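**Q** Let's see this in three dimensions:
(one chain, ligands or ions: 2)
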Amino acid sequence: MTFASGECHNILAIETSCDDTCAAVVTDDGEIRSNVISSQGIHDRYGGVVPEIASRHHLELANLAVDDALERAGITLDDVGSVAVAQGPGLVGALLVGVATAKGIAAARGLPLVPVDHLQGHVAANFLEPDPFEPPFLCLIASGGHTFLAEVTDHSSFTVLGQTLDDAAGEAFDKGARLLGLPYPGGPALERLARDGDPTAVDFPVGRDRGLSFSFAGLKTSLLYKLRDEQQSVKKEDLAASYQHALIEQLARRTETALRQTGHTRLAVGGGVAANGPLRERLAQLGVELKVPPRELCTDNAAMIAGAARFAEPVAFPDYLSLDAYATGERGL
Ligand code: KG4
Ligand code: ZN
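**A** Ligands and ions are numbered 1, 2, ... in the order given. Just a heads-up that it's a prediction; the model follows:
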């Protein structure tokens, strides 16, 4: 977004696509002034996100998160130039709370509203200060709902080169963790358990070569059978480490193939799984220039939504009042 006066504006961003209620203030130069993430701990007792419960909690937390983001940024709504919000993909009921909150604030203040694609947000986390990574680059996005490789040649779009045919990488972490008796979200818990295990203990499938597509469903089934057939003989730490190893290998190998095929020599990552330490280490070995955002910008957050809004078209009042949330985007993601 550009402003005629040349002065710097604050973007207030809201993100409620899953179970984190997020609000952030980012300048249109990409400097993060606050980034509030309120995680709804309630879902762990169900072993996954319950959409209706997520929506209700967003309702309770959205305004508080916005107030907190403004306070931490040291500003008031008087200092906000535009409101950005994640419109989809995600849980529609959850997204609608963020969209309604954003509409309400924008309309009350006569501000423009910038609808943002959540996945564009994960890509745009790489554009934020203090260490922005400029296109062109190859981008691996691996989250709880999506896993894909994309070519990024500008700040406002990306082209998908390959995606998962079944589960997302984060989903595979969560399902594997659940089988191992770990709490939700499974990724961080499985990573912790795997630290004391041997990644070569069990030979889990890395996935058949499917070009640039991913597949994690077979890996999860292998773990299920392993647990059923050899419950006593293999340590849980070893199972976790081997499972994580196979998952990371598939992500890294497909990424390596995409780098080779496209000729890109610069790689960026995003999505919750990109917070995984061993994955970050493995990608660092690919021998290309690597951008890994800080962990809090990999998992869902509103700063990345503002990051994408910087390069998106704002919608003027009252046109945005009819804006809707979407579960699946136009790319089929
Ligand atoms: O991007 P994200 O916060 O939300 C979605 O858009 O889905 O990603 C959440 C996913 C969850 O599946 C979670 O288990 C996974 O990211 N995750 C991790 C780690 N931290 C979060 N997976 C592996 N290792 C981690 N450290
Ligand atoms: Zn996400």
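
**Q** Flag every residue of the stretch 151-300 of the chain that's near ligand 1.
**A** Within the stretch 151-300 of the chain, the positions lying close to ligand 1 (C-beta under 6 Å from any ligand atom) are 170, 173-174, 185-188, 191, 271-273, 275-276, 299-300. Where C-beta positions appear, they are placed from N, C-alpha and C, glycine not excepted.

**Q** residues touching Gln120, list them.
**A** Contacts here follow C-beta atoms under 8 Å, 6 or more residues apart in numbering; on that basis Gln120 touches Ser156, Ser157, Phe158, Ala308, Ala312.

**Q** Repeat the analysis, applying 7 Å as the threshold.
**A** Ala308 (C-beta atoms under 7 Å, 6 or more residues apart in numbering).

**Q** tell me the mean pLDDT over the helix or strand harbouring it?
**A** Using DSSP states H and E, Gln120 falls within helix 118-124. Across helix 118-124, pLDDT averages out at 98.

**Q** Briefly note if the helix or strand following that helix comes near ligand 2.
**A** Toward the C-terminus, helix 118-124 is succeeded by strand 137-142 as the next helix or strand (DSSP H and E). No. Judged by C-beta under 5 Å from the ion, strand 137-142 makes no contact with ligand 2; its nearest approach is 8.3 Å.

**Q** what about strand 137-142, distance to the chain center?
**A** Put simply, strand 137-142 sits 11 Å off its chain's centre (C-alpha atoms, centre = their mean, to the nearest Å).

**Q** Return the member of the residues of the stretch 151-300 of the chain next to ligand 1 nearest to Asp203.
**A** When those are compared for distance to Asp203 (C-beta to C-beta), Phe173 comes out closest, at 19.0 Å.

**Q** Name the residues of this structure found near ligand 2, please.
**A** Counting by C-beta under 5 Å from the ion, the chain sits next to ligand 2 at Ser143, Asp300.

**Q** Tell me where the protein has strands.
**A** For the chain, the strands defined by DSSP state E cover 10-15, 20-27, 32-39, 80-88, 113-117, 137-142, 147-152, 159-163, 266-270, 289-291.

**Q** Could you check the third one and say which residues are buried?
**A** Burial within strand 32-39, assessed by neighbour count using 16 or more other C-beta atoms under 10 Å, is assigned to Ile32, Arg33, Ser34, Asn35, Val36, Ile37, Ser38, Ser39.

**Q** Now render those residues as a markdown table, adding distance to ligand 1 and pLDDT.
**A** Formatted as a markdown table, those follow (distance: C-beta to the nearest ligand atom, whole Å; pLDDT from 0 to 100):
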| residue | distance to ligand 1 | pLDDT |
| --- | --- | --- |
| Ile32 | 17 | 98 |
| Arg33 | 21 | 98 |
| Ser34 | 19 | 98 |
| Asn35 | 13 | 98 |
| Val36 | 15 | 96 |
| Ile37 | 9 | 94 |
| Ser38 | 13 | 88 |
| Ser39 | 10 | 78 |
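
**Q** Among these, which pair sits farthest apart?
**A** The distance between the two most remote of the buried residues of strand 32-39 (C-beta to C-beta) is 21.0 Å, for Arg33 and Ser39.

**Q** tilt between the longest helix along the chain and strand 159-163?
**A** Determined from DSSP state H, the single longest helix within the chain is helix 236-262. Here the directions of helix 236-262 and strand 159-163 differ by 140 degrees (axes from the mean of the first three to the mean of the last three C-alpha atoms, to 10 degrees).

**Q** what helices or strands is helix 236-262 leaning on?
**A** strand 137-142, strand 147-152, strand 159-163, helix 169-179, helix 186-194, helix 217-229, helix 277-284 (3 or more C-beta pairs under 7 Å, 6 or more residues apart in numbering; DSSP states H and E).

**Q** Tell me how far it lies from the chain's centre.
**A** 18 Å.

**Q** now the closest residue to ligand 1 within the stretch 101-250 of the chain: how far from Tyr320?
**A** Going by C-beta to the nearest ligand atom, ligand 1 is nearest to Gly187 of the stretch 101-250 of the chain, at 2.1 Å. The gap separating Gly187 from Tyr320 is 34 Å, by C-beta to C-beta, to the nearest Å.

**Q** Kindly report the same for Gly121.
**A** Gly121 is 18 Å from Tyr320, by C-beta to C-beta.

**Q** quick one, which of the two is more surrounded?
**A** Gly121 (26 against 21; other C-beta atoms under 10 Å).

**Q** Go ahead and confirm that one touches Ala302.
**A** No. The pair Gly121 / Ala302 is not scored as a contact, 8.5 Å apart, by C-beta atoms under 7 Å.

**Q** any shared contact partners between those two?
**A** Common neighbours of Gly121 and Ala302, using C-beta under 7 Å, 6+ apart, do not exist here.
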